[in-house]
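Student: I'll drop the sequence and a predicted model, then ask my questions.
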Amino acid sequence: MSSWVPSSRLTWLLVASLLALHYALAVGSKFRESTTSDELVHLTGGFVFNHFNDYRLHPENGILPQRLAALPATLMGSRFPSLEQSLWRTSNSWALGHQFFYEQPGQDHFPRLLAGRAMIALFSVATGLLVFLWSREFFGTAGALVSLAFFVFSPTFLAHGALATSDACMAFFMLASVGAWWRHLHDARSRWWWTSAITFALACVAKFSAPLLLPMFAAMALVRAWSQEPLTLFGRAWSSRRAKLGAAALSALGHGAVAVFVIWAFFGFRFTAFNPGLPPADHFIRPWEWLDENLGASGRCIRAIAAARLLPEGYLYGLAYVLETAQVRSAFLNGEFSTTGWATFFPWAFALKTTLGLIAASTLAVSVAARRFCSARDASPRWPRLYRATPLVVLFLIYWVFSITSHLNIGHRHIMPTYPVLFIACGALGAWLLSRRPMLIACVVLLVAAHATESLRAYPDYLAYFNPFAGAREDRHRHLVDSSLDWGQDLPGLKRWLDRHAPVGSEVYLSYFGTGEPDYDRIRAQRLPFVNGFKLPKPPTRRLTPGVYCISATMLEHVYSPIRGAWTIEFEKEFAAGRAREAEFIRATQASPDGDLRRDADRYELLRFARLCHYLRARRPDADIGGSILIYRLSEAELHASVYGSLREWATAVENAIVRRTP
């Protein structure tokens, strides 16, 4: 039965090869992707942390991954925009990031971005190694290789594991921290206490979801206290449940002390976020007072900690910013909009963005484990089986409870830390490979092959991966957008498509969601409403003409627009009034006016674009770029009906588009 299991040397060669393949797929898929939305501020903030020892820019997304991702840019001697400007005084990380990436003469941001992505991909590889080691402990070498195979080809980790953001970093530290804490509760040696404490401390500077580790630690301590074995900590054995819990609580306090030290170290052991040797700041990007008004008791607590200078100002501001922005945030799911989210958001995201092979394998593995657990003749053998899996079960359940109750429903990536648990669980199928039963062996092989095939077919568009449950590729945006599909990654692909397919001399219009810069990719297009703006001069209002319309999926669904949802009679009346003034707006905005006229023109452009998008959502696109940018060729007649025609003409055009789209 054990003849299938490779030798130790061959096993590690397989592991190294699979992890190298994962790294190559993850990083390689990013070579032709533009800056995704959050990477711009992550790298900009990290560079300022490293180069200026200043923490005013974007301290809310994990200083550890930001510093690491920006390390290549720092070592390359990158130039930063002038600090003698209002953007620096107001801590405008987005506008300064645009200057840093795209407005420094002779300085190309893309090599620095790729190097930062390659650095973060190391966390993804490290997560894969943890998956293998943990699965091997439960299921042996065969099971561990099955688990590793599911990890290596995971579209979720291939999408986000090589982006200069904090998601892959936190997925690693979440898994590592629960494992180290559990090991520490069973091994009295000091090295495991230090391993656990340092891992937890690094998790605290990886992302502000680290406090979720506290209820996980508490749940594991409770399970450990209810076990029969004494708990040996601090040189003595604790036997009663109360004593065990007290010892675990004392250990947790020590972990907290180490975390406080590490946090101070990452912020340069200075309380103020603003380096006094640099041009001064007026405030953070959102003043403290703004956050105070919206945070209530939690805000007062954070301010009290700041007043006592128990933690660095940059860290506390980042925590307050995360708590405030998580309360109300625009979200989209299956054609619906919300600012407080849905309990079903992450279950839907999991169901649509997980390969069918992994869904089937993890379901089968859990069923096999449950059957084995229930097949025991008495209760005593069951406890050790479940007990060993405590940290994984706790991580999975607590993280999912938090996710389901969260108001922050902006991306499937936020449940990344739960996927390693599923990969490890799939190791239970490794026993089937050793069973000498062809049907069982074939089942495992087919599940792994189906998972890998789905993944490789998606290459390199992993951010836009959806499984067949989502329907046609062109319909993905009807389910999820933002970082689940369209994070601004496909400007280079759009440039290639336009070069090949856009007729010479045709008008090109672009509505883009993200922090990429179309000018960097030499995309010559009239700009429809954008999400970013970045303080660039706003182009004058123009009359729309026939041509090629390129619309990011998030913009098409109007997730972050003030004009979203159904096209109402009120919207139509307001648009009709603006349409009558279009010539006035065109003449006036050529002179870049301020005040009411500019605001009226901006409002009209939003209404005009919303009316067009209502029609385009009913119409089948002519092409798509990576699944995230949809292409429409609009004729004079079609443009008139969808934008400039009467309400009756517009409604008829929408109805006809729906009829033509229906199979």
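Tutor: Thanks, I have the structure now.
Student: Give me the buried positions along stretch 313-331.
Tutor: 313-325, 329-331 (16 or more other C-beta atoms under 10 Å). Every residue, glycine included, has its C-beta placed from N, CA and C.
Student: Just the C-alphas of that stretch, formatted as CSV.
Tutor: Extracted C-alpha coordinates of stretch 313-331, given in CSV (Å, rounded to 0.1, in the frame of the first residue of the first chain):
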residue,chain,number,x,y,z
GLU,A,313,-0.1,57.3,16.2
GLY,A,314,0.2,55.9,12.7
TYR,A,315,-0.9,52.4,13.9
LEU,A,316,-3.9,53.8,15.9
TYR,A,317,-5.0,56.0,13.0
GLY,A,318,-4.8,53.1,10.6
LEU,A,319,-7.0,51.0,13.0
ALA,A,320,-9.5,53.8,13.4
TYR,A,321,-9.6,54.3,9.6
VAL,A,322,-10.3,50.6,9.0
LEU,A,323,-13.1,50.5,11.6
GLU,A,324,-14.7,53.7,10.2
THR,A,325,-14.7,52.7,6.6
ALA,A,326,-15.9,49.2,7.3
GLN,A,327,-19.1,50.5,8.8
VAL,A,328,-20.6,51.7,5.5
ARG,A,329,-19.2,50.8,2.1
SER,A,330,-20.8,50.5,-1.3
ALA,A,331,-21.2,46.9,-2.3
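Student: and that stretch, how far from the chain's centre?
Tutor: What separates the centre of stretch 313-331 from the centre of its chain is 16 Å, taken as C-alpha atoms, centre = their mean, to the nearest Å.
Student: wait, what's in contact with the residue most central in space within the chain?
Tutor: Closest residue to the average C-alpha location of the chain: R413 at 4.0 Å, with C-alpha atoms, centre = their mean. Listed by C-beta atoms under 8 Å, 6 or more residues apart in numbering, the contact set of R413 reads T156, A159, H160, D167, S483, S484.
Student: which two in those are spaced the farthest apart?
Tutor: The span of the contacts of R413, defined through C-beta to C-beta, is set by D167 and S484 at 12.3 Å.
Student: where are the low-confidence patches of the stretch 401-550 of the chain?
Tutor: Residue ranges of the stretch 401-550 of the chain with pLDDT under 70: 532-536.
Student: any idea where the strands of it begin and end?
Tutor: 508-511, 526-527, 547-552 (DSSP state E, counting those that start in this stretch).
Student: Out of these, which is closest to I198?
Tutor: So among the strands of the stretch 401-550 of the chain, strand 547-552 is nearest, using C-beta to C-beta, at 41.4 Å.
Student: outside of the closest one, which residues touch it?
Tutor: Here strand 547-552 has contacts from 486, 488, 494, 498, 502, 506-514, 525, 528, 612-613, 616, 625, 628-634, using C-beta under 8 Å, 6+ apart.
Student: List only buried entries from these.
Tutor: 486, 488, 494, 498, 502, 507-514, 525, 528, 612-613, 616, 625, 628-634.
Student: before we move on, back to that, farthest pair in the buried residues of stretch 313-331?
Tutor: The widest separation within these (C-beta to C-beta) is 30.3 Å, between E313 and A331.
Student: Among the buried residues of stretch 313-331, pick out the one closest to S227, please.
Tutor: Using C-beta to C-beta, L319 is the member of the buried residues of stretch 313-331 that sits closest to S227, with 34.6 Å.
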